[in-house]
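S.K.: Following is a predicted model, sequence given first.
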Amino acid sequence: MFESADFSIKPTLTGTRVVLRPFISEDLDAILTALRDPDVRRLTGSVHDDTTEITPEDPAETRRLRDWYATREAQPDRLDLAIVEVATARCVGEAVLNQWDPGNRSCNFRILIGPGGQGRGLGTEATRLIVGYGFETLGLHRISLEVYAFNPRARRSYEKAGFRPEGVLRESLRYGDRWIDATVMSILAREWAEHRGYPESAQPAGESGQAPRLQEVGDGGGDSGDGIGQVGRNREGGSPRRRHPVRR
Ligand SMILES: CC(C)(COP(=O)(O)OP(=O)(O)OC[C@H]1O[C@@H](n2cnc3c(N)ncnc32)[C@H](O)[C@@H]1OP(=O)(O)O)[C@@H](O)C(=O)NCCC(=O)NCCS
């Protein structure tokens with residue numbers, strides 16, 4: 001049996017388009033901008049209508065969020081990583097494994113990227129990186145998520161990384177005067193081992209759907225250009241690369 005996952009280690013996961021790493025204080029402005037974006041708030045189910053006001057300069061809320069991100073590195077039972085776009089070296093969002101259930105070796109996954117980073121493949125690559133880490137290093141058996149029916153882009157991104165729909169939570173979100181369904185999606189360790197984030201069924205016609213083979217890990221190789229092969233590079237000995245320690 002796999003030893004208990006060690007969530008206290010906070011890795012840096014390097015892809016082609018994104019790097020996932022622990023938060024640093026310089027990320028705060030970008031992450032606040034993403035969290036306050038009306039569309040992000042709607043798509044993540046953070047609000048119940050599009051009239052909910054947010055006060056950008058609310059000091060108490062800013063303080064709470066600053067504390068939240070400053071303490072992510074100290075969490076022993078979850079993994080919160082900043083998504084940094086390689087091209088700009090800027091934080092564009094976050095990817096999270098939370099709700100860890102050690103007995104069942106399962107976690108919930110959630111992700112958000114601000115408007116400037118969306119629709120360019122960053123989210124799918126970030127998903128592959130953290131899910132790969134969850135299975136290959138943390139030894140998880142199952143990772144699941146929920147996606148609202150009004151978010152086909154997120155659903156497509158999850159499917160491309162290997163999540164499969166498993167059921168519908170009917171009318172689980174009230175938004176404006178509508179009820180919105182949520183789909184539960186999951187991926188299992190054995191499925192990941194088969195395709196490593198590139199399920200045949202979800203690849204556009206003309207692409208091979210092949211993940212880089214394990215021996216290619218470290219070469220930055222692979223035919224997809226998404227850099228998932230580099231997940232393994234950061235898992236030797238589980239040693240985190242704390243290039244940017246959080247300042248408190
Ligand atoms: C969801 C999210 C992480 C996806 O990341 P992303 O970088 O924007 O997505 P990607 O570019 O990697 O992939 C999006 C895919 O969806 C497709 N897509 C975009 N809009 C779509 C739509 N309306 N219907 C169906 N597919 C759509 C894209 O074409 C792409 O698929 P393709 O590569 O096969 O063409 C990101 O958009 C995000 O954080 N959005 C705001 C918050 C959010 O929705 N969080 C998730 C809550 S469950």
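M.R.: Looks like it came in fine.

S.K.: Can you name the residue of the protein nearest to the ligand?
M.R.: Shortest the chain-to-the ligand distance, computed as C-beta to the nearest ligand atom: residue-wise this is G123, at 1.9 Å. Heads up, the C-betas are built off the backbone N, CA and C, glycines and all.

S.K.: which ones are touching that residue?
M.R.: I83, G93, I111, I113, G117, A154, S157 (C-beta atoms under 8 Å, 6 or more residues apart in numbering).

S.K.: what does A5 give?
M.R.: W100, P102, R105, L138, G139, L140.

S.K.: and the fourth one, which of the three is it?
M.R.: Under DSSP: H, G, I helix; E, B strand; the rest coil, the three-state class of L138 is coil.

S.K.: Surely it touches F7?
M.R.: Yes: counting by C-beta atoms under 8 Å, L138 does reach F7; the two are 7.1 Å apart.

S.K.: Show me the common contact partners of the two, please.
M.R.: L79, L97.

S.K.: Can you pull up the most central residue in this protein?
M.R.: A95 (3.0 Å; C-alpha atoms, centre = their mean).

S.K.: From the rest of the structure, what touches the helix or strand containing I143?
M.R.: I143 is part of strand 142-148, with elements assigned from DSSP states H and E. Contacts of strand 142-148 with the rest of the structure, by C-beta under 8 Å, 6+ apart, involve 43, 45, 97, 104-110, 131, 134-135, 154-155, 158, 163, 166, 169, 172-173, 180-189.

S.K.: Quickly note the distance from V47 to K160.
M.R.: 27 Å (C-beta to C-beta, to the nearest Å).

S.K.: Have a look at these two and say which one is more surrounded.
M.R.: Shown here are V47 and K160; by other C-beta atoms under 10 Å, K160 has more neighbours (23 against 17).

S.K.: Would you agree the more buried one is in contact with Q203?
M.R.: Yes: applying C-beta under 8 Å, one finds K160 in contact with Q203, separated by 7.5 Å.

S.K.: What separation do you get for W179 and L173?
M.R.: 7 Å.

S.K.: more neighbours, these two?
M.R.: Using other C-beta under 10 Å as the criterion, W179 and L173 rank with L173 on top: 18 against 12.

S.K.: which residues does that one form a beta bridge with?
M.R.: I180 (DSSP bridges).

S.K.: from what I can see it touches T44, true?
M.R.: No: taking contacts as C-beta under 8 Å, L173 lies outside contact range of T44: 10.2 Å.

S.K.: among the contacts of G123, which ones are buried?
M.R.: I83, G93, I111, I113, G117, A154, S157 (16 or more other C-beta atoms under 10 Å).

S.K.: Quick check: closest non-adjacent residue to the third one.
M.R.: When the adjacent residues along the chain are set aside, I111 lies closest to A95, with 4.7 Å between them (C-beta to C-beta, 6 or more residues apart in numbering).

S.K.: Pairing-wise in the sheet, spell out the partners of that neighbour.
M.R.: L81, I111.

S.K.: Any figure for the gap between it and R21?
M.R.: Counting by C-beta to C-beta, the gap from A95 to R21 is 11 Å.

S.K.: Overlap in contacts, those two.
M.R.: Joint contacts of A95 and R21 (C-beta under 8 Å, 6+ apart) are L81.

S.K.: Quick one: end-to-end length of stretch 8-23, please.
M.R.: Terminal residues of stretch 8-23 lie 14 Å apart, using C-alpha to C-alpha, to the nearest Å.

S.K.: Quick check: mean pLDDT of it?
M.R.: For stretch 8-23, the mean per-residue pLDDT is 98.
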